[in-house]
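Chemist: Provided below are the primary sequence and the corresponding predicted coordinates.
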Amino acid sequence: MAFTGKYVLESQENYQDFLKALGIKDVKDPSNHEIITDIYQNDTFRLTKFLMDRTWNNKFPIGKESELETLDGETFKTTVTLDGGKLKIQFPKYLYTAEVDGDKLIEVNTIGAVTNKMISKKEK
């Protein structure tokens, strides 16, 4: 249950560049907004992200094909893996990885040459 918890964003790099690379045109400055990631790990994962005016929620088992949803509401099928403590999700346009290091959740989104890194602290 290493992932289970509620995490609040502390720092991030290249978020606006990442959104632009995804083709999201109305890029708001996220620095004034709290971004919360809520993860529940059991036989299946539940990954919920609260960002600005959006809530994004996906449930999936590890190693089995699942239908997930992108930030802009499109659904797609993928197989989520957990390798060496890293959760990996191949979205249609980018790769998402997440790992827990102590009380920190480190999330990395990569699209082409653009990498967005988000570090969140677990709430107690």
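Modeler: Great, that's in hand.
Chemist: could I have the CA atoms of the worst-scoring helix or strand of the chain on mean pLDDT written out in CSV?
Modeler: Among the helices and strands of the chain, helix 15-22 carries the lowest confidence by mean pLDDT, DSSP states H and E, at a mean of 86. As requested, the backbone C-alpha atoms of helix 15-22 are provided in CSV (Å, rounded to 0.1, in the frame of the first residue of the first chain):
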residue,chain,number,x,y,z
TYR,A,15,3.8,22.2,-16.4
GLN,A,16,2.7,24.9,-18.9
ASP,A,17,5.1,23.5,-21.6
PHE,A,18,3.6,20.1,-21.0
LEU,A,19,0.0,21.3,-21.4
LYS,A,20,1.0,23.2,-24.6
ALA,A,21,2.7,20.0,-26.0
LEU,A,22,-0.6,18.2,-25.4
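Chemist: following it, which helix or strand shows up next?
Modeler: Using DSSP states H and E, the helix or strand that follows helix 15-22 towards the C-terminus is strand 35-41.
Chemist: residues in contact with the following helix or strand past that following strand?
Modeler: Scanning forward in sequence from strand 35-41 by DSSP H and E, the next helix or strand is strand 44-51. When contacts are defined by Cβ atoms under 8 Å, 6 or more residues apart in numbering, strand 44-51 is touched by residues 3, 30, 33-40, 55-62, 80, 87. (C-beta placed from N, C-alpha, C; glycine too.)
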